[in-house]
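Participant: this one's structure only:
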């Protein structure tokens, strides 16, 4: 796994975002990274190691696309979506208004199933 420490913007609610520094790898416009909860637990000393779970996030909106069981699953998921033009949209309203929204939503569900995403 080739995650390096990076700072990214992550959506923490419907209208809130937080800068977050964590082990991360970019597959622009997506990123694979450790979860916020696990990173904070590790910083507080409540956890000595990360689990194998990683998150795939849309860098422009900070929205989480999938929580995956392993880096390998997350990488396959991210590579399956990386070249979709819809993910170049910088806001959720532009994403949902994009003409490819329905097709890509189906692709996301198929990739989540294929790569055993947790969420």
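Facilitator: Yep, that arrived. Source: prediction; values computed, not measured.

Participant: what's the neighbour count on residue 57?
Facilitator: 24 (other CB atoms under 10 Å). All C-beta spots, glycine's among them, are computed from the backbone N, C-alpha and C.

Participant: Might you calculate how far the helix or strand bottoming out on mean pLDDT in the chain sits from the centre of the chain?
Facilitator: Of all the helices and strands that make up the chain, helix 36-43 has the lowest average by mean pLDDT, DSSP states H and E, namely a mean of 85. Helix 36-43 has its C-alpha centroid displaced from the chain centroid by 16 Å (CA atoms, centre = their mean, to the nearest Å).

Participant: Start at 898, not 1
Facilitator: Done: numbering now begins at 898, and the last item shifts to helix 933-940.

Participant: Would you mark the buried spots in that helix?
Facilitator: 935-936 (16 or more other CB atoms under 10 Å).

Participant: all helices for the chain, in order.
Facilitator: 933-940, 968-978, 989-994, 998-1011 (DSSP state H).
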